[in-house]
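# Build me a model:
(one chain, ligands or ions: 1)
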Amino acid sequence: MKTVSVIGATGMLGQPVARALIADGFNVRILTRNPGNARRLFGDKVDIRNADLHDIPSLKSALAGTDMVYVNVGGHSKATYYRNHVVGTQNLLKALEGQTLDVIAMISSAAAHPEFNDRWDNHYKWEAEQLLKASNQPYLAFMPSWFMESLDLFVQKNRLMQIGPSTKGIHWVAADDYGQTVSRCLQDEHCRNKRMHVYGPETLTMTQACRRVADSWQLQHTPLPSWLAATIGRLSRDPVLVDVADLTRHYDRTGEKPDPDALRTTTTLTQWLLNRSAKVGVAA
Ligand SMILES: NC(=O)c1ccc[n+]([C@@H]2O[C@H](COP(=O)([O-])OP(=O)(O)OC[C@H]3O[C@@H](n4cnc5c(N)ncnc54)[C@H](OP(=O)(O)O)[C@@H]3O)[C@@H](O)[C@H]2O)c1
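Numbering: from 1, shown residues only. All right, here's what the predicted structure looks like:
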């Protein structure tokens with residue numbers, strides 16, 4: 001079986017990809033800056049290597065002999081987003097010089113289109129994709145819509161905070177479905193040199209999704225206009241809140257591009273909530 005090196009396997013959206021690849025029999029190599037954390041998450045049977053996207057020798061040694069690479073990185077500011085996506089991709093390609101891979105794949109975003117580049121996250125995702133495209137290595141860019149797992153980040157004590165407007169449908173994606181979708185594409189040699197939207201089975205506006213989750217988790221659904229969230233963020237010197245206010249406003253303004261060729265996942269939000277309750281029930 002092929003060896004796939006995953007950078008960012010410890011992340012919220014990297015974990016389900018790494019787990020799907022392991023379940024499908026890939027030889028998975030995890031590149032991380034924190035091997036102890038990766039071992040806690042994945043156990044002793046997975047090949048875990050200490051490597052940093054900003055340390056080319058560490059990447060070169062960890063990637064020797066790999067067949068594929070999957071990259072799942074994020075960023076918490078314009079500077080870290082640029083560093084992880086643009087500089088990180090340049091470093092990755094330098095570290096892979098002299099190796100020909102089956103594919104280098106990355107998580108991009110449904111909004112990573114040049115006409116939406118007024119937001120820096122879309123802009124740097126797009127730039128990272130262009131670097132892969134120009135590299136002469138086979139590449140894949142997955143462009144998922146909002147993940148249902150992001151809704152966890154909206155919970156504050158007994159409230160589900162919904163920031164920003166809600167006029168457009170969103171194809172919510174379950175992260176486990178996404179992991180399986182990525183694994184299937186990596187196994188399919190026809191699935192190369194593409195950028196693909198990944199959309200869930202139904203559209204729900206932000207308000208519809210938040211109401212459904214708040215009901216299920218017995219939280220108070222609390223909408224907050226983006227201008228108010230941005231003001232609170234500025235006054236409390238919370239740049240992440242300011243950015244989330246802008247992100248939700250921007251995503252609602254641009255909406256998602258219709259795409260008949262989008263990869264479709266199957267889990268609905270209702271099913272995802274049921275799966276979550278079952279998991280919590282088992283854990284308790
Ligand atoms: N949330 C959504 O709805 C949504 C929708 C579409 C796309 N996305 C995209 O999904 C991406 C990933 O999100 P996430 O939630 O999984 O992020 P996350 O939880 O913050 O994980 C980031 C990962 O990046 C790794 N990383 C960071 N800096 C690194 C470095 N210098 N060298 C090597 N690894 C590094 C970390 O690994 P270690 O700490 O182990 O090194 C960590 O596993 C983001 O780019 C986001 O734009 C999200």
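# For the closest residue to residue 16 other than its chain neighbours, give its distance to residue 131.
Nearest residue to residue 16, sequence neighbours excluded (Cβ to Cβ, 6 or more residues apart in numbering): residue 179, at 3.5 Å. Where you see a C-beta, it was placed from the backbone N, CA and C, and this is true even at glycine. According to Cβ to Cβ, to the nearest Å, residue 179 and residue 131 sit 24 Å apart.
# Which of the three states applies to residue 198?
strand (DSSP: H, G, I helix; E, B strand; the rest coil).
# Next, count neighbours for it.
25 (other Cβ atoms under 10 Å).
# Was I right to think it contacts residue 266?
No: contact criterion Cβ atoms under 8 Å: residue 198 and residue 266 do not qualify, at 11.8 Å.
# now the closest residue to the ligand within the stretch 1-150 of the chain, nearest residue through space, not along the chain?
With Cβ to the nearest ligand atom as the measure, residue 11 is the residue of the stretch 1-150 of the chain nearest to the ligand, at 2.3 Å. Spatially, and ignoring its direct neighbours in sequence, residue 11 is nearest to residue 72 (5.3 Å; Cβ to Cβ, 6+ apart).
# mind listing what that neighbour touches?
Residue 72 sits next to 6-9, 11, 13-14, 17, 106-107 when contact means Cβ atoms under 8 Å, 6 or more residues apart in numbering.
# ok, 10 Å please
Residue 72 sits next to 6-18, 105-107, 142, 182 when contact means Cβ atoms under 10 Å, 6 or more residues apart in numbering.
# any idea which helix or strand carries residue 278?
Under the criterion of DSSP states H and E, residue 278 resides in helix 269-283.
# Residues contacting that helix, please?
147-149, 151-152, 172-177, 200-202, 204, 208-209, 212-213, 215-217, 267-268.
# do the same with stretch 226-242
Outside of stretch 226-242, the residues within contact range by Cβ under 10 Å, 6+ apart are 76-78, 153, 161-165, 224-225, 243-250, 252.
# So residue 178 is in contact with residue 264, correct?
No: if you go by Cβ atoms under 10 Å, residue 178 and residue 264 don't touch, sitting 11.4 Å apart.
# between those two, which one's more packed in?
Taking neighbours as other Cβ under 10 Å, residue 178 and residue 264 compare with residue 178 leading, 26 against 14.
# Read off the pLDDT value for that one.
For residue 178, the pLDDT comes out at 99.
# what residue ranges in the stretch 151-284 of the chain score low on pLDDT?
Residues of the stretch 151-284 of the chain that meet the criterion pLDDT under 70 lie in 281-284.
# SS state for residue 252?
Residue 252 ends up helix, using three-state DSSP.
# Can you list phi and psi of residue 95 for me?
The phi and psi torsions at residue 95 (degrees, to the nearest 10) take the values phi -60, psi -30.
# Could you report the neighbour count for it?
22.
# Isn't it up against residue 101?
No: Residue 95 lies out of contact with residue 101 (Cβ under 10 Å); the separation is 11.4 Å.
# Now do the shared contacts for those two.
By Cβ under 10 Å, 6+ apart, residue 95 and residue 101 have these common neighbours: 63, 69.
# and this protein, which residues reach the ligand?
7-8, 10-14, 32-34, 38, 52-54, 72-74, 84, 107, 109, 121, 144, 146-147, 150 (Cβ under 6 Å from any ligand atom).
# just checking, which of those residues belong to helices?
Judged by DSSP state H, helices contain the following of the residues of the chain next to the ligand: 14, 38, 121.
# The first one is in contact with residue 107, isn't it?
Yes: counting by Cβ under 10 Å, residue 107 is a contact partner of residue 14 at 8.0 Å.
# Pull out the buried residues from stretch 63-82.
Within stretch 63-82, the residues that count as buried by 16 or more other Cβ atoms under 10 Å are 63, 66-73, 75, 81-82.
# Now render the residues you listed as JSON lines, adding pLDDT and distance to residue 90.
Converted to JSON lines, the buried residues of stretch 63-82 look like this (pLDDT from 0 to 100; distance: Cβ to Cβ, whole Å):
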{"residue": "63", "pLDDT": "98", "distance to residue 90": "15"}
{"residue": "66", "pLDDT": "98", "distance to residue 90": "18"}
{"residue": "67", "pLDDT": "98", "distance to residue 90": "22"}
{"residue": "68", "pLDDT": "98", "distance to residue 90": "19"}
{"residue": "69", "pLDDT": "98", "distance to residue 90": "14"}
{"residue": "70", "pLDDT": "99", "distance to residue 90": "18"}
{"residue": "71", "pLDDT": "98", "distance to residue 90": "12"}
{"residue": "72", "pLDDT": "98", "distance to residue 90": "17"}
{"residue": "73", "pLDDT": "97", "distance to residue 90": "13"}
{"residue": "75", "pLDDT": "91", "distance to residue 90": "15"}
{"residue": "81", "pLDDT": "96", "distance to residue 90": "14"}
{"residue": "82", "pLDDT": "98", "distance to residue 90": "11"}
